[in-house]
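> Structure of the sequence below:
(3 chains)
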Amino acid sequence: MKPLLAVEGISKFYGRRIGCASVSFDLYPGEVLGIVGESGSGKSTLLNCLAGHLTPDLGQIMFHTRTSGMQDILQMSESERRMLSRTDWAFVHQHARDGLRMSVSAGGNVGERLMAVGERHYGQIREKAIDWLSRVEIASDRVDDRPTAFSGGMQQRLQIARNLVTGPRLVFMDEPTGGLDVSVQARLLDLLRGLVREMGLSAIIVTHDLAVVRLLADRLMVMKDGYVVETGLTDQVLDDPQHAYTQLLVSSVLQV
Amino acid sequence: MYVAVKGGEKAIDNAHKWLDEKRRGDLDVAELEVSQIREQLALGVNRVMAEGSLYDPDLAALAIKQSRGDLIEAIFLIRAYRTTLARFGNTLPIRTETMSCIRRISATFKDAPGGQILGPTFDYTHRLLDFKLAAEGETKHLAPANHELAGHLPHITSYLNKEDIIQTEPNTNEPPQDLTRQPLELPAGRDLRLQALTRGDEGFILGMAYSTQRGYGRNHPFVGELRVGDVVVEMEIPELGFSIEIGEIEVTECETVNQFTGSKTQAPQFTRGYGLVFGHSERKSIAMALLDRALRWQELGEDNVGVPAQDEEFVLYHSDNIQATGFLEHIKLPHYVDFQSELELIRKLRRDVQSNAHEVSEQ
Amino acid sequence: MNEYNFAYLDEQTKRMIRRAILKGLAVPGYQVPFASREMPMPYGWGTGGVQVSAATLTPDDTFKVIDQGADDTTNAISIRKFFEKTAGVQVTEKTSDATVIQTRHRIPETELSEDQILVYQVPIPEPLRFLEPSEVETRKMHALEEYGLMHVKLYEDISRHGAIATSYAYPVKVEGRYVMDPSPIPKFDNPKMEMAAIQLFGAGREQRIYALPPFTKVVSLDFDDYPFEASKADHSCEICGASHTYLDEVIVDDDGNRIFVCSDTDYCATHASKPQEAAE
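Model (predicted):
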């Protein structure tokens, strides 16, 4: 099997400070990769480099495109990259406000990506929007309400619907459960797990919450000070951490 | 049968005649001479020159007379005239260190070579209406003032420069851009920003600068120096191969000393804001310096905290009062075609809602 | 009046504007930045249109100006007089006699021909402006053809009102590429934009020129199931009886009674004298 995403030697510097350094990995179709580390470990920098929000200083990011095989996204034109991010990619922000249009109805939020790729039938767009709202457990009679009228958990689920409606192949998630109540987190995680399995999504999830990766990720990458210090299958890394830093991370969670 | 209104042309002619009458006012009162405006309403003349971007006190005074004292209208007259003038070339940059100052103050040092020169200022007047001015013959009461001019005063910031304690502005030697000749494209350089600010509406620049002082992008300004006076304008004449003086203009220059930047490895330095305005225009030049400084956040490695005074596009697109007043006032032009289409739409939408409501109530 | 150059602007400036016009014609619907001059009339009152007309007019041209479809509205008169004075060109109120027509808010009812130029006055050239206030951002959206947001607006209209709630300045897509603001003409006029004449759009304050060459494909944005409709008041003109023209509503008495008359005064006058033709 060919990887969906092949990352080679990605480094990003902020002046003399290291954002992330020499990160390499492959992501296979249907695989969920968790990236964990404390804040400042470089995991968000890495995610933003991968998703095309930041330009890394070194390295290459090859993505298996539908039309022309493996392509280096850093060599693509801005318009090709934006096309990817509206179709094959999705990005779920930690704060739903960053990923939603707060002054646009829930239906409009979900429909935007469909319209961006050329759907021009109002009835069908609306039908798909309602279908997706139900898949993320939002009642269909809320389709014309604005996200400002939604709870934090609902906003996050709406953001997920908005991202998944075009059937992306790769989803980037930045602390998707951060800032939510614990009970709300559990429901969202359940929902995410269901969608990932059902749609066969590949995903990269950045989080500091080991419970999230335990539930969602097949594989783990542990980052510290911009470097990857340990990788492996999720259960293996969490149950038998090799690196001292991972051990600390795991034990601190266990104590909670 | 309905007959459409005609006679717009006549109406316009009549309106303009009426305007002429209104401008002249009561014929029993003596007519203002342009020279009176130039001499006695000089700060208004200065503002018209600064925002009209044309240094000509006589024309500015004429424009004020013609516009019945509406300064924005006067600025508009000057701008429309200016745009038709041929360009002979560019002058050399004026050298404000050679200014013969009628006023020069610093808030950062108690004293400096050349001293503080208060000059003709409203500061410390008690803002009491002077009813003597309402009576005739003011000149009789004028007490003579000491008019000593001070030339070649060094800039106060040059003393800070010696210690390297304030950032130096590198001389690029590149000819500055001109936003009256090129379409404004963003991001604009500092040259275009300064041009836009010095031509910008005094009220807008003042309000934006004030917002930085109140915390919307605070940059801790001190008035390093404010100086007012005449400077020589020189132009290089290619045929001669050297530059000659072509005249003198009065300008107001303000340099602010602002909060410092620096890090563990880079020694901290004060930063600067700069204001330069035609004529005696203190308020405008100080405000310009504050706003200039706020707009430099990127170059000085500061955070964009999302305030209006940091937003180059916002400031540059909204500072010009001729653009602003034109667009604002154009909404008094007829819009009935668009309004008609809105009428039809709103009627249709209301019909739909009412028939829906009717159906619902029948169910 | 000899103090000023032909048609007011100096030749250098006209050349600069002509270059922008040619670029606009080469890339239909693309907003070309140009160094708009300060004109002796306020920004927002047609300075863009006037500059385009000034750069387009030749001494042999016949010039017509309409505002709201009428030749005798005050601003139309003012602009017409300006060119009479500064260019000495012939002026007309007859659409078919004009070679250059400057307009604000209407397209004439009489079909234009290929030897005519229609110059629009444009207040806000950016169709995305009220969705995205930043010019830097909207230019990027055009460059990358990111127009999803435009349809989001139409979607929201239908969700809220059951119909697309834009009645003038109705956005169009030009030759399948650029989304363009047709200036604040009523949407009734949109279908006329695929015409034989050259269409030039000038926005003075915003420093943009754009253009449509003859017979350019111009599609009003819509949904398949909520198609664009070029609507007008469902009446006939009280004066000439025409039923297919855009109508103004006029209040005729203190009780608020109203009648409808053609907004295109030249068309109305021509057809009122030949009533059979208008009724056809």
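
> For the stretch 201-350 of chain B, give me the ranges with low pLDDT.
In the predicted model of the stretch 201-350 of chain B, residues B:263 satisfy pLDDT under 70.

> Contact residues of it facing chain C?
Residues of the stretch 201-350 of chain B lying close to chain C (Cβ under 8 Å from any Cβ of the partner chain) are B:313, B:317, B:322-323, B:325-330, B:333-338, B:340-345, B:348-349. From N, CA and C alone the C-beta is placed, and that goes for glycine too.

> For the residue nearest to B:Arg218 when sequence neighbours are not counted, give its distance to B:Ala324.
Distance criterion Cβ to Cβ, 6 or more residues apart in numbering or on different chains; nearest residue to B:Arg218, sequence neighbours excluded, is B:Thr212 at 6.0 Å. As for B:Thr212, its distance to B:Ala324 is 20 Å (criterion: Cβ to Cβ, to the nearest Å).

> and the residue in the stretch 1-150 of chain A positioned nearest to chain C, how many neighbours does it have?
Residue nearest to chain C within the stretch 1-150 of chain A: A:Ala116 (2.9 Å; Cβ to the nearest Cβ). By other Cβ atoms under 10 Å in any protein chain shown, the residues close to A:Ala116 number 21.

> just checking, it touches C:Gly148?
Yes. When contacts are counted by Cβ atoms under 8 Å, A:Ala116 is listed as touching C:Gly148 (2.9 Å).

> Quickly list what's touching both of these two.
Counting by Cβ atoms under 8 Å, 6 or more residues apart in numbering or on different chains, the contacts common to A:Ala116 and C:Gly148 are A:Arg86.

> residue in the stretch 101-250 of chain C nearest to chain A?
In the stretch 101-250 of chain C, the residue found nearest to chain A is C:Gly148; the distance is 2.9 Å by Cβ to the nearest Cβ.

> quick one: that residue from chain B, how far?
From C:Gly148 across to chain B, the span is 23 Å (Cβ to the nearest Cβ, to the nearest Å).

> burial count for C:Ile259?
16.

> Sketch out the low-pLDDT regions of the stretch 1-150 of chain B for me.
The model of the stretch 1-150 of chain B has pLDDT under 70 over residues B:1-7, B:136-141.

> where exactly do the strands run in it?
Applying DSSP state E, counting those that start in this stretch to the stretch 1-150 of chain B gives strands spanning B:100-105.

> quick one on the thing from earlier: just list the residues touching the residue of the stretch 101-250 of chain C closest to chain A, thanks.
A:Arg86, A:Glu112, A:Arg113, A:Met115, A:Ala116, A:Val117.

> Please pick the buried ones from those residues.
Buried by 16 or more other Cβ atoms under 10 Å in any protein chain shown: A:Arg86, A:Glu112, A:Arg113, A:Met115, A:Ala116, out of those.

> The first one contacts A:Ala116, correct?
What it means is A:Arg86. Yes. A:Arg86 lies in contact with A:Ala116 (Cβ under 8 Å); the separation is 5.0 Å.

> got the contact list for C:Val152?
A:Arg101, A:Val104, A:Gly108, A:Gly111, A:Glu112, A:Met115, C:Leu131.

> Would it be right to say that it lies in a helix?
Yes. Assignment of C:Val152 by DSSP: H, G, I helix; E, B strand; the rest coil places it within a helix.

> which stretches of the stretch 51-200 of chain C form helices?
Remark: helices assigned in the stretch 51-200 of chain C by DSSP state H, counting those that start in this stretch are C:74-87, C:135-143, C:148-161.

> With that, I have no additional questions.
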